[in-house]
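Trainee: Coordinates for the following, if possible.
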Amino acid sequence: MRKQIIIVHGKPIAKKRPRFVRRGKFVGTYNCQETEEGRWILDAKQAITEKAEAGTPVALKCWFIFDFPKSMSKKKRTGAVHTSKPDLDNLVKFVKDCLNGIAWHDDSQVVSLMAKKLYDYEGGGARSEIIIASAEGT
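Mentor: Model prediction:
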């Protein structure tokens, strides 16, 4: 598998918990993120050139880049670290769930993971940058 770089523009999205609804004596679940997932997957699919074969170990790097809050002064922006919501693990869950079946057969193939939340110091706007590579020998 060759190294693939996926850039999805827009504010990074975190995985939300499933919602439950009561219908008489029955309880059902639904995914309140279907639209967000669909749009994210459409953008990501354009950059995916190959799917990792089943059983192939995959290394995943995720950079979630956020715009600075409007309330943050330019003076405070120097060296600022994104410590507010959304949680990093929920951002990674969203990416892994969306790429499941598209970039790899099952997300259990991801054996190496590196993820960061950053502010946009370069001026490229909010985005998610994902690097998928073979993890052979790691």
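
Trainee: what residues are up against the closest residue to P57 other than its chain neighbours?
Mentor: Counting by C-beta to C-beta, 6 or more residues apart in numbering, P57 lies nearest to A135, which is 3.9 Å off, once chain neighbours are set aside. C-beta coordinates here come from the backbone N, C-alpha and C atoms, glycine included. Residues in contact with A135 (C-beta atoms under 8 Å, 6 or more residues apart in numbering) are 57-59, 111-112.

Trainee: What pLDDT is listed against A135?
Mentor: Confidence at A135, expressed as pLDDT, is 87.

Trainee: cool, K16 as well?
Mentor: 77.

Trainee: May I ask which helix or strand encompasses the most centrally placed residue in the chain?
Mentor: What sits nearest the mean C-alpha location of the chain, by C-alpha atoms, centre = their mean, is V95, with 3.1 Å. Assessed by DSSP states H and E, V95 sits inside helix 88-99.

Trainee: Give the buried residues for that helix.
Mentor: Within helix 88-99, the residues that count as buried by 16 or more other C-beta atoms under 10 Å are 91-92, 94-99.

Trainee: Done for today, thanks.
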